[in-house]
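Undergrad: take a look and give me a structure for this.
(chains A and B)
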Amino acid sequence: MNRVKIKQILDTDKNPGKVLIKGWIRTKRDSKEFSFLEINDGSSLKNIQVIAQNNLDNYEDVTKLTTGSAVSVKGEVVESPGKGQKWEINASELDVVSIAPETYPLQKKRHTDEFLRTIAHLRPRTNKYGSVFRIRSELAYAVHKFYNEKGFRYVHTPIITGSDCEGAGELFKVTTLDGNDVEKGKFNYEKDFFGKETNLTVSGQLSAEMFALSLGDVYTFGPTFRAENSNTSRHVAEFWMIEPEMAFCDLEENMNHAEEFLKYVTQHICDNCADDINLFTQFVDKSLKGVIDSILNSKFKRLPYDEAIEILKKADQKFEYEVEYGLDLQSEHERYITEKHFKIPVFIYNYPKTIKPFYMRINDDNKTVAAMDLLVPRIGELIGGSQREERLDRLLDRLKEMDLPVEDYWWYIDSRKYGTVPHSGFGLGFERLIMLLTGVTNIRDVIPFPRTPSSIDF
RNA sequence: UCCCCAGUAGCUCAGUCGGCAGAGCAAUUGGCUGUUAACCAAUGGGUCCGCGGUUCAAAUCCGUGCUGGGGAGCCA
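TA: Now for the predicted structure:
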């Protein structure tokens, strides 16, 4: 007899008859003559209720089953006379696959996220985390589906890189040297595996640009590493980033694309993860429905940086940090704009060039660059992107202006020498997207095994 | 890295002015009418985060370290 997934039974309208299921016991209620077992196999948030009568050969074993134990059940699907479920299974055979001893840490009650983080290897067995990771999987699929339908190519940019190209934050060193090769606290990179300083990637962008300038529209979707000593609910050292890069694309089209992307993947999980989303709207964030509605049904606000400064200056709210043209926006400013002022996702664009990296395209005013950030309620910056500087002379000027080693960028510069075209792209933090769409407030709770400063337990 | 808060049973927490270590849930055992975080009863369960100090006496006061959380910076 072939095993069926519990989701298949719960989703069906007509009785599937005799079935075989396998899963874990979430809870058990005993009566004198029989037991109710709630079985979950991870295929859905919902459990299926199994009735085990005391006439089973091994009923003695069944009564010893505990929360967390694994079982295999054969039985007839029947309409449930009880409330709370349509179908249940009358067990005709119930095999114990394994018993979880009484030390099993997950109980039939709410646990705090902090406690569950200390048992990250077991937390996907809870309702909330099961839902988080089903949605994470479905969102990843939606990303690929979206890009596939739009004719984008998926590019695997390197994870080990030989350049500190963007100077973006602290990098994780990659080395095969041991202590004996390190003299006076200095690495002799010539003796190292690659013969030069090597790091984990902080962004696939520069590589992706090379492929956009050949395959047209491309995207990357992979792990990214930042060794910043950041201790916040929005930062981890290893996270996943989605980076589209589009040839013949200006800043406005870039924003159009970002908006279309966000609406598409949001709609996808609304269509495919209704139960899981429902759990979050009920138990995690009551305002989640409004957030999702604002993504699906609003036209995202597009606001030039200088107008954002004006709005903040006029705001009837005291900010801890100064608002002044030429200064970067602080968290409190971003949240005011997206949460209080507009209450929908907001693109801020055309930032002063002094606060943005070398590769962003200089605007005609020579003061601003064609950069854009997408701010969303509760998260702040979800997307950071720009139109790239495609003009060779301007790019070289910028590199020199920012005192960057031009020779290290020889291959990047080559792309502006040969067949250069306007192009644009952005980076989107995958975990922040999951936070946005689930209402989960700590990034450590939307990635299976989070890596943060002094914490790599699993 | 900076600022603030917390650490007591497996979990969530209470513990007054420094004076015998507590509750609910969980677990274990038994009971029970088709239950829904089932219900009822009994039982077991402690390095009060570590180290040092003050005191006749410290979970409680002081110092220090560690861990966790919230916020900031950095960013996605």
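Undergrad: ok, how many other residues are close to residue A:445?
TA: One way to gauge burial is a neighbour count; for residue A:445, by other C-beta atoms under 10 Å, it gives 23. Using the backbone N, CA and C atoms, a C-beta is placed for each residue, glycine as well.
Undergrad: my guess is it meets residue A:129, correct?
TA: Yes - using C-beta atoms under 8 Å as the test, residue A:445 is close enough to residue A:129 to be in contact (7.5 Å).
Undergrad: what about stretch A:373-380, start to end distance?
TA: End-to-end distance for stretch A:373-380, by C-alpha to C-alpha, to the nearest Å: 9 Å.
Undergrad: quick check, distance from that stretch to the centre of its chain.
TA: Taking C-alpha atoms, centre = their mean, to the nearest Å, the mean C-alpha location of stretch A:373-380 is offset from the chain mean by 14 Å.
Undergrad: go on, stretch A:135-154?
TA: Distance of stretch A:135-154 from the chain centroid (C-alpha atoms, centre = their mean) equals 13 Å.
Undergrad: give the buried residues for that stretch.
TA: Taking 16 or more other C-beta atoms under 10 Å as the neighbour-count basis, stretch A:135-154 is seen to contain the buried residues A:135-136, A:138-140, A:142-143, A:146-147, A:152.
Undergrad: okay if I get those as JSON lines plus distance to residue A:26 and pLDDT?
TA: Formatted as JSON lines, those follow (distance: C-beta to C-beta, whole Å; pLDDT from 0 to 100):
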{"residue": "A:135", "distance to residue A:26": "19", "pLDDT": "97"}
{"residue": "A:136", "distance to residue A:26": "21", "pLDDT": "97"}
{"residue": "A:138", "distance to residue A:26": "22", "pLDDT": "97"}
{"residue": "A:139", "distance to residue A:26": "25", "pLDDT": "97"}
{"residue": "A:140", "distance to residue A:26": "26", "pLDDT": "98"}
{"residue": "A:142", "distance to residue A:26": "28", "pLDDT": "98"}
{"residue": "A:143", "distance to residue A:26": "31", "pLDDT": "98"}
{"residue": "A:146", "distance to residue A:26": "34", "pLDDT": "98"}
{"residue": "A:147", "distance to residue A:26": "37", "pLDDT": "98"}
{"residue": "A:152", "distance to residue A:26": "40", "pLDDT": "98"}
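Undergrad: overlap in contacts, residue A:445 and residue A:129.
TA: Any residue near both residue A:445 and residue A:129 by C-beta atoms under 8 Å, 6 or more residues apart in numbering counts here, and that gives residue A:116.
Undergrad: the buried residues of stretch A:135-154 in helices, which ones?
TA: Mapping those onto helices (DSSP state H) picks out A:135-136, A:138-140, A:142-143, A:146-147.
Undergrad: now render those residues as CSV, adding distance to RNA strand B.
TA: Listed next are these as CSV, based on distance: C-beta to the nearest atom of the strand, whole Å:
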residue, distance to RNA strand B
A:135, 17
A:136, 14
A:138, 20
A:139, 15
A:140, 15
A:142, 17
A:143, 14
A:146, 17
A:147, 17
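Undergrad: could those go into a markdown table alongside distance to residue A:228?
TA: Below are these laid out as a markdown table (distance: C-beta to C-beta, whole Å):
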| residue | distance to residue A:228 |
| --- | --- |
| A:135 | 27 |
| A:136 | 23 |
| A:138 | 29 |
| A:139 | 25 |
| A:140 | 25 |
| A:142 | 29 |
| A:143 | 25 |
| A:146 | 30 |
| A:147 | 29 |
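Undergrad: so residue A:208: helix, strand or coil?
TA: Here residue A:208 is recorded as helix under DSSP: H, G, I helix; E, B strand; the rest coil.
Undergrad: roughly how far apart are it and residue A:387?
TA: Residue A:208 is 14 Å from residue A:387, where distance means C-beta to C-beta, to the nearest Å.
Undergrad: compare neighbour counts for those two and give me the winner.
TA: When residue A:208 is set against residue A:387 and neighbours are counted by other C-beta under 10 Å, the residue ahead is residue A:387, at 26 against 23.
Undergrad: may I have the beta-bridge partners of that one?
TA: In this structure, residue A:387 bridges to residue A:424 when assessed by DSSP bridges.
Undergrad: please consider this matter closed, and thank you.
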